[in-house]
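Colleague: need coordinates for the below:
(chains A and B)
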2 protein chains.
Amino acid sequence: MEFSEYFPIWDKLTPRQQELIAAGLAARTVRRGAVLHSGGADCTGLLLVKTGQLRAFILSREGREVTLYRLFDRDICLFSAACIMRSIQFDVTITAEKDTELWVIPSDVYRQIMEQSASAANYTNEIMASRFSEVMWLMEQVMWNSMDRRVAAFLLEEAAIEGTDRLRITHEAIANHLGTHREVVTRMLRYLQRENMVKLARGAVEITDRTGLEALSGG
Amino acid sequence: MEFSEYFPIWDKLTPRQQELIAAGLAARTVRRGAVLHSGGADCTGLLLVKTGQLRAFILSREGREVTLYRLFDRDICLFSAACIMRSIQFDVTITAEKDTELWVIPSDVYRQIMEQSASAANYTNEIMASRFSEVMWLMEQVMWNSMDRRVAAFLLEEAAIEGTDRLRITHEAIANHLGTHREVVTRMLRYLQRENMVKLARGAVEITDRTGLEALSGG
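Modeller: Modelled structure (predicted):
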């Protein structure tokens, strides 16, 4: 089964545990924009991305967003199965940023396997620790970095993900990633344009001075 | 051994694993203000608080601080043993906020037990998930709440921890908890005093209108 090549601890499971997963597993294809998980009440299951791109974010009561992290090929999303751990007490929303093929492992199946298998439990620990590290990175950005630096870092990250310096993205979308208002992003982008680091067009931002952006982003 | 009453999964370990912990365990008593762990290079071990209070915070390059969470009686600190998981890639500092008695489980002992025991690995998962939840709560505070609300929430939290509405705390200390500058805290406290919610004195803040502070803090 193809899934076994994507699931890193497959070989560490017993045949019985492998059967349990195989029986519960569902393959899904979702379109860009699809909402895969929304909030804590929703216990969707573990998502394993085959190809595509997912985005995990939090939402304020007023509808503002901030991106926590992205998931790419072979990444696992744990918080879509938050119900497997009673200590997970926060809500994330997960949407597809690109057309995505993925597998869903039902929450109760995964919980059962985690209870039996130290390998599965330790693997889960590593996934959680790596998401935690991403959130801590974001926390440091939010706490210590000014918005111009955060916009610069975001543009560089997007360029790396998309493999191009000509980004098709709106100011609104950037604001939703960074948890700020569109007007703030527009002001920052205009500042970057005056400094000749980017060139703005309708629905697009082109990076024109990568070195300058890197210096500004502080890394 | 007294430790076994404080360590929730003791009974789920094998005699061999219990021996391993007992042999490695160290009891420590630290004074208020002691630094127990600082940054990632330092792999102190797991800390189990018997009595007292610890504070985990991050530090900017410029020396600004923000409190991530506190640890009280029977709490376990995982990030002082960050080296047990390669995916933990952030640095926290841990200091004693009160005189504290604690046990230290060496990192290599704990890692070994986690690898063998699904119970230990799942317990570690729960600890990490609950710290993650605290950090996510903080992230939401930082992203969506204005500083006046955050100061109000902080004062109420302190009053709950200390069991008194007369808090002995400086503006500088509050700023270090919230990751802001002293001047900002002073301005907020003066505003709260004008609204008759607190009364300020040298090195002290007294809560005079709990209902008002609760309404302001939004919870």
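Colleague: compute the inter-axis angle for the helix ranked longest in chain A and helix B:118-144.
Modeller: With secondary structure taken from DSSP state H, chain A has its longest helix at helix A:118-144. Relative orientation of helix A:118-144 and helix B:118-144, computed by axes from the mean of the first three to the mean of the last three Cα atoms, to 10 degrees: 20 degrees.
Colleague: buried set for helix A:118-144?
Modeller: A:118-136, A:138-144 (16 or more other Cβ atoms under 10 Å in any protein chain shown). C-beta: built from backbone N, CA, C; applies to glycine.
Colleague: which residue ranges of chain A form strands?
Modeller: Under the criterion DSSP state E, strands of chain A are mapped to A:26-30, A:35-38, A:46-51, A:54-59, A:65-71, A:76-77, A:93-96, A:100-105, A:166-167, A:198-201, A:204-207.
Colleague: per-residue confidence for A:I127?
Modeller: Looking at A:I127, its pLDDT reads 93.
Colleague: how near is it to B:L155?
Modeller: With distances taken as Cβ to Cβ, to the nearest Å, A:I127 is found 37 Å from B:L155.
Colleague: can you count the residues close to A:V30?
Modeller: Neighbour count of A:V30, defined by other Cβ atoms under 10 Å in any protein chain shown: 18.
Colleague: ok, now which ones touch A:T67?
Modeller: For A:T67, the contacting residues are A:R55, A:A56, A:F57, A:N176, A:H177, A:L178, A:G179, by Cβ atoms under 8 Å, 6 or more residues apart in numbering or on different chains.
Colleague: oh, that last question was meant for A:I94, not what I typed.
Modeller: Under the criterion of Cβ under 8 Å, 6+ apart, the neighbours of A:I94 are A:V35, A:L36, A:H37, A:S38, A:L47, A:L54, A:R55, A:A56, A:C77, A:F79, A:S80.
Colleague: buried ones among those?
Modeller: A:L36, A:H37, A:L47, A:L54, A:R55, A:A56, A:C77, A:F79, A:S80.
Colleague: from chain B, how far off is A:M188?
Modeller: Distance of A:M188 to chain B, computed by Cβ to the nearest Cβ, to the nearest Å: 17 Å.
Colleague: over to A:T208?
Modeller: Using Cβ to the nearest Cβ, A:T208 is found at 29 Å from chain B.
Colleague: can you get me a residue count around the nearest residue to that residue once chain neighbours are set aside?
Modeller: The shortest distance from A:T208 to any non-neighbouring residue, by Cβ to Cβ, 6 or more residues apart in numbering or on different chains, is to A:K199 (5.2 Å). Residues lying near A:K199 (other Cβ under 10 Å) number 15.
Colleague: is A:K199 in contact with A:R190, as I believe?
Modeller: No. A:K199 lies out of contact with A:R190 (Cβ atoms under 8 Å); the separation is 11.4 Å.
Colleague: now for A:L25, how many residues are close by?
Modeller: Residue crowding around A:L25 was assessed by other Cβ under 10 Å; the count is 17.
Colleague: need the contact list for it.
Modeller: With contact set as Cβ under 8 Å, 6+ apart, A:L25 has these partners: A:F3, A:W103, A:V104, A:I105.
Colleague: out of the residues you listed, which one sits closest to A:G24?
Modeller: A:I105 (6.5 Å; Cβ to Cβ).
Colleague: center of chain A, which residue is that?
Modeller: By Cα atoms, centre = their mean, chain A has its centre lying nearest to A:R70, at 1.9 Å.
Colleague: partners of that one in the sheet?
Modeller: Following DSSP bridges, A:R70 is listed with bridge partners A:R55.
Colleague: could you show which parts of chain A are in contact with chain B?
Modeller: A:58, A:60-62, A:64, A:66, A:85-90, A:114-118, A:120-122, A:124-133, A:135-140, A:142-144, A:179 (Cβ under 8 Å from any Cβ of the partner chain).
Colleague: low-confidence ranges in chain A?
Modeller: By pLDDT under 70, the weakly predicted segments of chain A are A:1, A:40-41, A:219.
Colleague: with A:R64 as the reference, measure out to A:R182.
Modeller: For A:R182, the distance to A:R64 - Cβ to Cβ - is 11 Å.
Colleague: give the buried residues for stretch A:99-117.
Modeller: Residues A:100, A:102-107, A:109-114, A:116-117 are the ones in stretch A:99-117 that count as buried (16+ other Cβ under 10 Å).
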